[in-house]
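Participant: predicted model, plus sequence, below.
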Amino acid sequence: MIYTTDELIKILDRELQENWKGKRIVLSSAKRINDPVVAKALNMDQVNKVFAYRDFRRQIHEYQQNHGVSGIIWRTCTFNQQTITYPEIHNQLIPIPGDKEILIAARTKILDFWYQVTEKMNFWLVNGKTGSNGSHHQQITFSYLQKLIKQTEWAEIDAARTEIYLGLCWGDPQEYPYQWAKPKSGCDRIIATVSEPSAIKI
């Protein structure tokens with residue numbers, strides 16, 4: 001019997017709970033930290049738990065690859081009484097061959113939903129730099145948004161009560177969230193809101 005994606009997520013959740021209860025440890029953690037000064041400064045009990053979970057998660061990722069178990073989960077997003085269900089890679093799993101194609105196939109559906117619920121809203125590009133007004137957001141035009149959309153392979157969507165977030169992603173689905181992966185992989189984050197974005201970091 002091969003475990004499903006949902007079963008692997010439950011196994012990881014249980015393992016993480018056992019780790020934080022102190023039931024799983026790795027005694028070689030200090031050897032994995034190259035700097036002895038840093039190793040002495042850290043709480044090694046906590047570090048042991050982190051390494052134990054990471055080792056277990058790596059085994060789950062190998063299981064996924066060996067048995068072809070997808071890292072895709074299906075999420076639901078609701079905004080302005082409209083709802084969409086879309087795929088994304090679970091944050092504790094890895095994508096396997098074929099998962100990226102599932103993400104790409106949902107792109108049009110996600111963008112159609114975005115256009116439908118953001119009519120007459122303002123668009124803001126999230127950037128890592130703080131502007132002169134202390135904001136991490138830069139207002140953009142609809143035409144500039146279109147340019148960003150044309151350059152991307154798949155999309156993500158999420159919402160708060162008064163604003164909605166669009167991720168325009170490309171490259172490797174395992175690496176795209178990380179700044180170091182750019183420009184090969186990445187994700188432009190857009191906020192749509194009636195006025196200005198909140199202080200929520202996305």
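Facilitator: Right, received. Where do you want to start?
Participant: so residue 192: helix, strand or coil?
Facilitator: strand (DSSP: H, G, I helix; E, B strand; the rest coil).
Participant: may I see the buried residues of the helix or strand that residue 7 is a member of?
Facilitator: Using DSSP states H and E, residue 7 sits in helix 5-20. Judged by neighbour count (16 or more other Cβ atoms under 10 Å), helix 5-20 contains these buried residues: 5, 8-9, 12, 15-16, 19. C-beta here means a position set from N, CA and C on the backbone, and glycine is covered the same way.
Participant: now those residues as JSON lines including pLDDT and distance to residue 176?
Facilitator: Listed next are the buried residues of helix 5-20 as JSON lines, based on pLDDT from 0 to 100; distance: Cβ to Cβ, whole Å:
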{"residue": "5", "pLDDT": "97", "distance to residue 176": "19"}
{"residue": "8", "pLDDT": "96", "distance to residue 176": "21"}
{"residue": "9", "pLDDT": "96", "distance to residue 176": "20"}
{"residue": "12", "pLDDT": "93", "distance to residue 176": "21"}
{"residue": "15", "pLDDT": "85", "distance to residue 176": "26"}
{"residue": "16", "pLDDT": "82", "distance to residue 176": "24"}
{"residue": "19", "pLDDT": "76", "distance to residue 176": "27"}
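Participant: those: which two are farthest apart?
Facilitator: Spatial extent of those (Cβ to Cβ) is set by the pair 5 and 19 at 21.1 Å.
Participant: got the domain boundaries for the protein?
Facilitator: With domains defined by automatic domain parsing, the chain comprises 5-67, 72-193.
Participant: list the contacts of residue 162.
Facilitator: Residue 162 makes contact with 193-194, 198, according to Cβ atoms under 8 Å, 6 or more residues apart in numbering.
Participant: for PyMOL, what selects the buried ones among the residues you listed?
Facilitator: Here is the PyMOL command that selects the buried residues among the contacts of residue 162 (16+ other Cβ under 10 Å):
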select buried, resi 193
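Participant: quick one: the helix ranked longest in the chain to chain centroid distance?
Facilitator: Looking across the chain with DSSP state H, the single longest helix is helix 44-67. On the basis of Cα atoms, centre = their mean, to the nearest Å, helix 44-67 is displaced by 19 Å from the centre of the chain it belongs to.
Participant: against which helices or strands is it packed?
Facilitator: helix 5-20, helix 29-32 (3 or more Cβ pairs under 8 Å, 6 or more residues apart in numbering; DSSP states H and E).
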